[in-house]
Every structure is written in C-alpha cells, then in structure tokens.
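1. Got a predicted structure plus its sequence, pasted below:
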Amino acid sequence: MKKHIYHNLLLIGTVLLGGTMFAQTITGNVSDSNGAIPGVNIIVKNTSKGTVTDFDGNYAIDNVDQNAILVFSFIGYITQEMSVNGKTVIDVILTEDSQALDEIVVVGYTSQKKTSITGAVSTVDVGDLAKTRVVDVAQALQGQVAGVFVAANTGAPGDGIKLRVRGEGTLGKNDVLYVIDGVPTRDVSFLNQSDIKSMSVLKDAASSAIYGSRSSAGVVVITTKNGKKGKTAIDVILESGVYYATNLPNMLNAEQYLAVKDEAWYNTAGNDPNAISPYAQDAANRTDLANTDWQDELFTTGISKNAQVSISGATDKLQYLVSGGYYGIDGIVVEDNDQYQRFNFRTNLNAEVTDRFKVGTNILISYAKQDKLSSSGDAPGIIRHALIRPPVLSVYKDVTDPTYSASNPYTDLPFYTGPDNGWSEIYEFTSNPIAIVNFTDDKRNTFQTFGNVYGELSFLQDKALTFKSNMGVDIKFSHNKNFASNFGDNNISDTSNQYFGMGRNNRPNGLDENRGQEMTFTFTNTLNYVKTINDIHSVNLLLGMENINSKQAAIGGSRQNFDNTTDAFRYLDFGSTDNAYSSGSALNWSLLSYFASGNYGYDNKYFATVTMRADASSRFGPNNKWGYFPSISGGWVISKESFMENADWISNLKLRASWGQGGNQEIPNNAYETLVSSSGGIVNVVRYGNPDLKWETTTQTNFGLDLGILSNKLTLSADYFDKSTTDMLLTVGLPAVAVGVISRTFVNAGEVSNKGLEFGLNFQNYDKAFKYGINANIATLTNNVNKLHPFVRNITDDATHTKTEAGQPISSYFGYQFDGIYQNESEVNTQLFSNTNGTQPGDIRFKDLNNDGQINADDRTFIGNPIPKITYGFNFNAEYKNFDFSFLLQGVEDADRYNDLKQILNYDSRPFNSTTAVLNSWNGEGTSNTTPRLTFNNNGGGNVSSVFVEDASYLRLKNIEIGYTLNNTWFGLNSLRVYASGQNLFTITDYTGLDPESTSLIDKGTYPQSSAFIFGVKAKI
C-alpha cells in the first residue's frame, strides 16, 4: 500500500516538474492597421488564466504551457487564436469586425472601453486637431466638440484662449481643468500639438466629478505620445506661414474727413452759421495736410516658422520618445514688437523592469517669450488709435519741423507748433499708433518644466490589480520687463515744471520689472482592479489619494527718469531713486483628496458607474475644509438585446443617464481669513474673514443617446444637460458707516444655471478608393442667474456696460433701447413732453420705458447677452490615392458684443476719424433712421445703448488644407507629405467690429484674428 502511494506521489511530482519545466512566460504586442490596441482580452484557452494589453498594446502571461492556445478578443475585432508552439514572443494583428472600433478612452485616473462609458465624454480626432495649426492646443478644440466653446481672447501672438464647457457656471473663474499624463494644470499653452496622442473632454459631472473641487468647469484629459515597437522612427515637421489682417473697416480719407467735420461744425450750437469752418479753411489753404491710411500704415504681413522633430521607438522592455521644437510668429503689426516664440523639448520613457513592474517619465521643458502690445483696446490702444486718428495727420514729421528728431520722428499732437498749447485742437489729441508700436518694449518670458515620474506594479496571477504611484511637477519661472520710453510732443508751457521739455507720453520714462516662480507638486496613488469574468461581468474599480502643494513667490521693482535709455542701461540700477518702488510676495495652497470609482458591466449591455471624491483645501475656512463630490451614471446598450436582432441596420444603440456634483475652489488664497494692518501701533481691519466659506458646488444631470448605423459608418450622439451652480463665491461690501471703508468679504451665495442640447454626427466611408469622413456638431445653451446674495441685488460693471442680475444671463449688457432717429420737432415734443434736455431732430431716439416723458437712468434695461446660445462646427476630410483634403467650418449664433469702437468712430462728438457709414448720417427728415446727425454736441451717441450692441454671430472657415503624400521610400524617407493650409480665409457676420470672435465683453479695438496661408512638409524617416 505504501509502495503504491509513493509511486503515485512520484508520478504527480514528475508531472508537476515537467509542467514547470515546459511552462513559459509569453510576451507580445497586439495592434491593428493603425497601431497598438489597449484593453485586448487574452485568455489561455480552456482556462481562467488571462490578462489584458496595457495602454501601448503590450501584454505578458506567466506559466503558459508550450502547447497552449491563446485567445485574443476585443469588441469591434474578429477574435483570433494563436498556438504557442514553444514561442515566447507572440505579436498579433487583429482584423476589424466593423468600422466603429470600441476604442479605449482615457478618463479620470484610468481608461475605459468606449462602450462602457456612461457619462458625457467626447474624444477628439487628433488628426483633425493637428490640421488647425494654432499656437495654443486649447484653441485647436474650436469647432471640434459639441458644447465646448473656444475663442481667442485676441488675435495677438501669445495672447490667451477662452475655453468653456457647457457655459459660464460662475461669476468667478470658469477655466477648465487640463490633466496631462495625470498632472493637472489650468494652462496648456506650453504644449506642442505634435506631441499629443489622445484628448478627451469630460463634460458632465459623472465623468468629471472624480476630479472634485476643480471639475465644475469641465475637464480635458490629454495623453502624450510614446514610442512604438519596431524600427526607430524619426518624424519631422517644417512649416512656414504668412498672415494678414482682413475684414478691416472702410475709413474716411482726408477729403471725406474734412467734409464730414465741416458739416459737424455747422451743426454745432454756438458756431456762426455764416462763418467758414476751420475744416473748410484748412482744406482750402493748408498744404501740409496728409491723406494717411492708418490701417495700411499699421498692419503688415506676419510671418510664422514651425519646426518639430521627434525620435521614437520601442523594444520588448522599453518605449522611448524624444522630441524638440520651435514655433515663432511675428504678428501683423509693423516692426517686431508683437512677436511670440516658443522652444520645447520632451522626453517620454516607459520601461518594463519586470513583467509586473513598470516605470516611466514624461518630462517637458518649455521656454516662451512674448513681445506684448496692447491688443484689446486697452491703453495705449494701438488698434484703437489707428482707427480714430484723423487721416489729415501724417505718420512722420517734416524734417524742417523744429520738434523733429531722428530718435522721435513721429507726429504727435496735431500740427504742433510750440510748447504753449501750440497745436490744432480741432483734430483732437489722438496718439500716433506707429509711434506707440515703435516705443513699446514689453518683454514677457516664461520657463516651464512640466511632467511626471511614475511606477506601476501589477498583482494577482492575471495582473488584474495594479498599483500606480505618480509624481507630477509643474514648475514655472517668469520674468517680465517693460520699459516705457518717453516720447511725443511737450505740452507743458511752465518752464519751471520738472517735466518741461519731455514728451507727453510716458512722462517720465520708467522701467517695471518683476520675476516670479510657481511650483506645483502633485502626488497621486491609485489602486485599479480591472477584470472580465466569464466574458459577462466586467469590473473596473479604482481607489486613490492625491496631494497637491503649490507655492508661488514674486518680487518686483520700478524706477523712473533714466538718463540713458539704450538697451544696455535699461536696468533698475540706472534709474533715479526718487519714486522708486519695490514689492515682494509669497503664497501657497494645498489640496488633500481621496477618491473612488466603480464601473460594472453585464454582458456588454448594462453598465453602471459610481464615483466619490473628498477634497480638503487650504483655501476654505476651518468650518468647511472638506467638500464631497459624488456621481452616479448608467448605460443600456439596447442594440445588444434579443428583440433588436432583426434591426441589423442598427450597429449600436445606447442610452445614458448621469447625475453628479463638481466643485470650484478658484478664489484667492486665505480668502476666508481676516486681514489686518498696523500703523503707528494701531491695528486696523483690512478685510473681515468668513470661517464658513466653502466650495461652489455644480450639480449636473445628463441624458444621452449614442446611435450607430450601417456598421457604424454613421454615428450620432445626443445629450441634454441641466447644470446648476450653487453657493457661488461672491464678494460683499459691508456698510462703511458700520465698519469703515474696507475690502469686500468673500461669501457663498447665488445660483447660476446652464441648460442645453448637444448633437454630434460622424460619418466615415473608407470602403473605396475615394475615402471621406464628416464630423459635425451643434449645441444650444441657455444661461441664467437664478439668484444672488440678499445684500447684492446686482453686480454692475461700468467698464463693460454689463449688469448681472437674477433672471438674466451673466454679464448682460445694460443701457438704453435705441428707437431710431428723431425726424422732426413734433416727434421730439410728443415723446419728451416732460424734459427734452436739448434734444433736436437728427438725435438718437431712446425708448421711454416708464412713459414719464423724459429719458433718464430709469429707462435703462437689459439690451444684450454676450454668451452664445448656439455653437457649431463642421469638419470634412477626404483622401484619394495620395491626395488628401480637409476643411473646418466653425461658428456661433445668438451672441451679442458691445461695439465701443463703433461708438467712438461713428457716434462720438469729438473730431475723431470715422468709417464711411457716417456719409449716410441724418441730414434732414427721412434721410436716416440709424445714424444721427453730425455734430460736436451730444446727439445721444455718448449714451450706452442697444445701437452699439451688435449681433456677433459668425460662420468662419477656420481651416482648409490640401496635401500630397509620397509613401514609397524616397531619398531615405519612409514617407513625405507636402501640404498647404489656409486659416480664417473668410468670415460671414453682421458684426461691424474687427473680429466677432473676440472674447472681450466690450470691443474697444481688438487685435483681430489673422488670415493665413501655411506651407509645410511632414517626413517620416
């Protein structure tokens, strides 16, 4: 009996030993015709042993018998079986089962199959994104995603971008959160388009709530490229472009200008109707009048240069990518003081230390420098002055002018003749825009390091459980230096004045210089369990914690009266110590977070996701340090039900529903604390604190539908959302009688809602030689302020002519309602029976809303909404043989803009230049009901009214491109593509300002978007 037992044990041991000896580890990569496929299920046939491919398509399975069969399966592809046959490396290329692949989408701290996503997540076609060829990656999203509004603040190189996801949710900061390779940031201007691998927009709370207190404005998740297995690849992009100003207004020439001002002089009360106006006298007698086209003098052809190089590749254990690039543009304003340059260097490395342990780093180094001009109508208003400066003034003085100098040859005060008010006041005191450009020296430099280092360890036999630790860094150093040169004509007659003899601009000269640093460290740890059980149950569980610490410091100084203004002496030490100023500051904030999410799927038909995040922020009071942000969502793939079997034309039909909450902590650091100052031993309160201060909370409900037909050639997505922000962070002023004059205190109050519909349509037909695709989207939005603080009835901004009040959209325009032009005395007296206030026929008629017979502040009302109600985009691309063609149309509807430039050009009572529209001004009954009479008196044009609130809707051809690709090896190249691209080539709009896309609430003369032609080559070596 014992012998039999020993015999059996020996037999079992031999089998086990043999199994061990002949078992092996299988590694490999799974891809399709487009590259690696993440998330592919790999099972050892007839066992429960298996794994999934990582984000780069790699996999590894331990202890596999040499005679085993591996089964590779992924939705959208034909399942494939591969015999091991003693091999240790098995690479597989899967074949598409349909044209709509169930791709992997990067979402909050993890990735999911697209079919399992239950929130409103939009993925961006990186190929379409790259063709926009803009400086800022954020601007490339324009017109690409339903419900995402993107616009450049101005057209000046290096100026910022405004991006809004589903509307304006608060009166404070509405900036989205970007997450690049797991590292959060509020700015992506340092990022190269060519480095982007994927981009996802998390629009609803169910998808973005995992980011908690900073997610209310939406989240954009970006991953950068890694190397792919195979031969080392070298990619080179070289581009050059020309830019020019378009849609410029038609201005009066010198002859028209003098005639218009002559008429205005005669229509001005107090002037002798029998006298000859000074404008008529000048037209008849002066020989020094110019005929300057100031727009032509100011704008020139801009030039851009772009060079990007990347080297990438991979082995079985290592992936690498190294890239470097330069982008530079000299804008459309003359001289070189509106340049922007950016240098980038990136290295991405991922290494499999063992089959269970992986490490990597993604590090970007960026250096950007901008020559800053006043680009939005702000002082000194280069664009603004180019439009209002009279054409009779020349750019340069005559060399015989006693005030002429080679260092300052520009005309300044009109026809200056001496220091004792010796200029012709009939032409007003506009500034010479060319002189402003020449003397502007405002340099802004930023050096930034951004990236992460991570380690990832897999547990369990099938590696379903993964622990990942990620350290992110965002370190930024800035240096701004602005030297304000004194220039222009002296307008001081008092010889004893300390500034006598100096030009009136920047008097005295001065230097402002400041340096700053900002360091943000993000430490994230996650535990992720991903498992498919019996091909029916899919589980994706995530547990994590995150700690963010940010420190900022700045130091600056200024001095005036530099005796030597050459570049070598433009440093603080060379300025006068009189009125010298210095400053320094530092601040920091931190965020501690815990989060969890769970995604469950049954039979690829029913999906549910739950998330929760808890944030503790240093920015909020001791009574509300912690905020909690939950979400829940579900999805039902109806097309997989048995009752849909006969509807084979429907490839996919899915319903989604979600609810969740996100937050906003974007307020000054320590805003909840009481601030005090001390003077002479007396302590004074500067601002009262609020220990109950807490987050804004944005609650969002979303209902969505995804439809695919014709084997998913045609797909449609539709969403309805209801988004409400409560506990809005506002500042409240306390009564001065009770507490004195102190700063405003932060409180939680108010509510804003955004509601809308979003539709996205995609059609792809790649079956034949002529391949083409269409991507279109449209979204509606209704914004409303539901309530404010009881002590804050409204928030008025006189600078932008806006008012925020319950029942209206945020920052609505507020003023008088234009009602045409008074045609005769009877009309004036009939309406203004109580008080005419000197109104004459030809003046603007405003609506008397309270019918009291006079026009005053009580007749003002809401006259416009700057938030677009409709946004849309249409993208078309096609290929035939080696040719490709694409274009992108983008636009907005029902958006208003206050055109202050229109007011000062055509309605102002000062002798500025005007557009040719004033040639049709009212000059008698029935002549005009839109443009008032010409006069130097008030004709109503100085009032804030609806006549200046214009429809800023537009349709713009953002991009059109044609290319040709040589795919065969040619001079050592694997492929070479040459292309020509046009940007902003036409715009359809009724807006009379320079650019309807401008994000400024008030348009005072914004640096316009440029039209461009860009030529480039892209080579693969």
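-> Looks like it came in fine. Numbering: from 1, shown residues only.
2. Tally up the residues packed near the residue lying closest to Gly557 once chain neighbours are set aside, please.
-> Of all residues not flanking Gly557 in the chain, Ser582 sits nearest, at 4.3 Å (C-beta to C-beta, 6 or more residues apart in numbering). Just so you know, the C-beta spots here come from the backbone N, C-alpha and C atoms, and that holds for glycine as well. The number of residues packed near Ser582 is 11, by other C-beta atoms under 10 Å.
3. Against which helices or strands is the helix or strand where Ser582 lies packed?
-> Per DSSP states H and E, Ser582 falls inside strand 576-602. Contact analysis of strand 576-602 by 3 or more C-beta pairs under 8 Å, 6 or more residues apart in numbering; DSSP states H and E lists strand 537-560, strand 606-617 as its packing neighbours.
4. Tabulate the ones you listed in JSON lines, adding columns for mean neighbour count.
-> Listed next are those as JSON lines, based on neighbours: other C-beta atoms under 10 Å:
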{"stretch": "strand 537-560", "mean neighbour count": "17"}
{"stretch": "strand 606-617", "mean neighbour count": "21"}
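5. Now render the ones you listed as CSV, adding mean pLDDT and distance to Lys261.
-> CSV is the format used below for those (pLDDT from 0 to 100; distance: least, C-beta to C-beta, whole Å):
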stretch, mean pLDDT, distance to Lys261
strand 537-560, 96, 38
strand 606-617, 96, 59
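6. Please convert those to CSV, extending it with distance to Ser724.
-> Converted to CSV, those look like this (distance: least, C-beta to C-beta, whole Å):
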stretch, distance to Ser724
strand 537-560, 26
strand 606-617, 19
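7. So which of those is nearest Asn939?
-> strand 537-560 (41.8 Å; C-beta to C-beta).
8. Might you report the residue contacts of the closest residue to Gln831 other than its chain neighbours?
-> In this structure, Gln831 finds its nearest non-sequential neighbour in Asp848, 5.9 Å apart by C-beta to C-beta, 6+ apart. Asp848 is in contact with 831-832, 854-855, 859, counting by C-beta atoms under 8 Å, 6 or more residues apart in numbering.
9. just Ala233 next, same as before
-> Counted by C-beta under 8 Å, 6+ apart, Ala233 has contacts 227, 310-313, 1020-1021.
10. and Thr830, that one's in a strand?
-> No: using DSSP: H, G, I helix; E, B strand; the rest coil, the assignment for Thr830 is helix, not a strand.
11. Lys962: what secondary structure?
-> Quick fix: residue 962 is Ile, not Lys. Using three-state DSSP, the structure places Ile962 in strand.
12. ditto for the one 3 residues further on
-> Judged by three-state DSSP, the three-state class of Thr965 is strand.
13. Around it, how many other residues sit close by?
-> Neighbours of Thr965 (other C-beta under 10 Å): 16.
14. tell me the secondary structure for the nearest residue to it once chain neighbours are set aside?
-> Using C-beta to C-beta, 6+ apart and skipping the chain neighbours, the partner closest in space to Thr965 is Arg977 (4.3 Å). Recorded secondary structure, Arg977: strand (three-state DSSP).
15. Distance-wise, check Arg977 relative to Val1017.
-> 7 Å (C-beta to C-beta, to the nearest Å).
16. in stretch 30-43, what counts as buried?
-> Within stretch 30-43, the residues that count as buried by 16 or more other C-beta atoms under 10 Å are 30-32, 36-43.
17. just checking, Asp858 is part of a helix?
-> Yes: using three-state DSSP, the assignment for Asp858 is a helix.
18. what sits against it?
-> 849-850, 852.
19. Kindly report the same for Phe459.
-> Neighbours of Phe459 in contact, by C-beta under 8 Å, 6+ apart: 356, 465-467.
20. Doesn't Ile795 lie inside a strand?
-> Yes: counting by three-state DSSP, Ile795 falls inside a strand.
21. Surely Arg133 is in contact with Tyr979?
-> No: at 9.8 Å, Arg133 and Tyr979 do not qualify as touching, with contact defined as C-beta atoms under 8 Å.
22. What segments of the protein are helices?
-> Ranges of helices in the chain, per DSSP state H, are 2-22, 126-130, 205-208, 254-266, 278-285, 294-298, 382-388, 433-439, 736-739, 825-831, 900-902.
23. which helices and strands sit right next to the fifth one?
-> Same thing as helix 278-285. Packing partners of helix 278-285 (3+ C-beta pairs under 8 Å, 6+ apart): helix 254-266.
24. try the third one
-> Here helix 205-208 is seen to pack against strand 626-637, strand 650-664, strand 696-709 when contacts are counted using 3+ C-beta pairs under 8 Å, 6+ apart.
25. picking that back up, of the helices and strands packed on strand 576-602, which is nearest Asp722?
-> strand 606-617 (19.0 Å).
26. Work out the sheet partners of the closest one and label each with its direction, please.
-> strand 576-602 (antiparallel), strand 626-637 (antiparallel) (DSSP bridges).
27. how about Arg860, what does it touch?
-> Applying C-beta under 8 Å, 6+ apart, the residues contacting Arg860 are 814-816, 944.
28. May I see the buried residues of stretch 984-997?
-> By 16+ other C-beta under 10 Å, the buried positions in stretch 984-997 come out as 984-985, 987, 989, 991-997.
29. would you turn those into CSV with distance to Asp293?
-> Listed next are the buried residues of stretch 984-997 as CSV, based on distance: C-beta to C-beta, whole Å:
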residue, distance to Asp293
Asn984, 22
Leu985, 23
Thr987, 22
Thr989, 23
Tyr991, 22
Thr992, 19
Gly993, 19
Leu994, 16
Asp995, 20
Pro996, 23
Glu997, 25
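30. Among the residues you listed, which pair sits farthest apart?
-> Distance extremes for the buried residues of stretch 984-997: the farthest pair is Leu985 and Thr992 at 20.1 Å, using C-beta to C-beta.
31. how deep is Thr524 tucked in, by neighbour count?
-> 22.
32. Which helix or strand in this protein has the lowest average pLDDT?
-> helix 2-22 (a mean of 42; mean pLDDT, DSSP states H and E).
33. And for Ala386, the neighbour number?
-> 28.
34. confidence score at it?
-> For Ala386, the pLDDT comes out at 95.
35. pretty sure the residue nearest to Gly557 contacts Gly575?
-> No: counting by C-beta under 8 Å, Ser582 does not reach Gly575; the two are 11.9 Å apart.
36. I figured Asn506 hits Tyr499, correct?
-> No: between Asn506 and Tyr499 there is no contact under C-beta under 8 Å: 10.9 Å.
37. Which one's more surrounded, those two?
-> The neighbour count for Asn506 versus Tyr499, taken as other C-beta under 10 Å, is higher for Asn506 (19 against 14).
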